[in-house]
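1. this one's structure only:
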């Protein structure tokens, strides 16, 4: 993600979206084989087999990756002219991690990440128990696939595609506008899914639509980090922002499980995470957007000796 930020400042949303799509949509291909290995040989064997596969792929792929040379820019790309665009605002400064965490933008992005991520993480971890709760886990739909397996495959595929799609859209209409649209779709579709969840086909369809909205998380927060804080420290900066996913996973799994145990229903969990997504959409449009417009100054990069993050 850091390298995508560095190599493609002119198409940052699309570049990080495609990168994120790889580890989103890629899971679609492994759902069935992993399930088969677990059923036939146990989860230990599944860990070993796919651990080896992933290790080999990473080692091979690493031989073909490299950071751009110092001062590199895409052909014909003028950072200052691009920074003046109204849709996508990019700083001309290079802000280090220490400077980043001192800004209100970092903490707003972090809060928005924490609020927006739990919905999809909850579904990822609990779609099996949800389907079982409504008696749909063994229901067959087409080509012998159950509601559960089909839902997992559909959500993974749409999650991956959505990352590239929203990244591309954000290059044209801005990160904040795109976040507002995507998270609104996530929140509304969670409500519609809950209200139609007992229908097998609606279970599959609406779970997929939720992931269409949620998929923007892994593209837009990375792109926004590069926009707001520059590319020199993009990998470390986004690594810090990405820890919000860890916080969100606590909310999306253990906290969701507690809510279910207390209420003996998934209703409250759906309503809470739908509201959380809609709040994030509002924050993107009414707080982050004007804050970014005020923060990103269309000036030359700071002179040597200027404190980064000031």
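-> Thanks, I have it. Computed from a predicted model, the values in this text were never measured in an experiment. Residues are numbered from 1 along each chain as shown.
2. and the helices in the stretch 1-150 of the chain?
-> 2-7, 12-41, 43-62, 79-83, 97-100, 104-133, 147-173 (DSSP state H, counting those that start in this stretch).
3. among these, which is nearest residue 233?
-> The closest of these to residue 233 is helix 97-100. By CB to CB, the value is 6.0 Å. C-beta here means a position set from N, CA and C on the backbone, and glycine is covered the same way.
4. helices or strands next to the closest one in the packing?
-> helix 234-250 (3 or more CB pairs under 8 Å, 6 or more residues apart in numbering; DSSP states H and E).
5. and the helix it packs on, how far out from the chain's middle?
-> The chain centroid and the centroid of helix 234-250 are separated by 11 Å under CA atoms, centre = their mean, to the nearest Å.
6. just the buried positions in it, please.
-> Neighbour counts over helix 234-250 (16 or more other CB atoms under 10 Å) mark 234, 237-238, 240-242, 244-245, 248-249 as buried.
7. repeat that for stretch 74-82.
-> Under the neighbour-count criterion of 16+ other CB under 10 Å, stretch 74-82 has residue 79 buried.
8. and residue 55, how close does it get to residue 47?
-> 12 Å (CB to CB, to the nearest Å).
9. just the helices of the stretch 1-150 of the chain: most buried one?
-> helix 147-173 (a mean of 23; mean count of other CB atoms under 10 Å).
10. burial count for residue 94?
-> Residue 94: 16 surrounding residues under other CB atoms under 10 Å.
11. please disregard the earlier target; I meant residue 226.
-> 26.
12. nearest spatial neighbour of it, skipping sequence neighbours?
-> Excluding its sequence neighbours, the residue lying closest to residue 226 (CB to CB, 6 or more residues apart in numbering) is residue 5, at 4.0 Å.
13. do residue 191 as well
-> residue 274 (5.0 Å).
14. list the contacts of the one you found.
-> With contact set as CB atoms under 8 Å, 6 or more residues apart in numbering, residue 274 has these partners: 119, 186-188, 190-191, 194.
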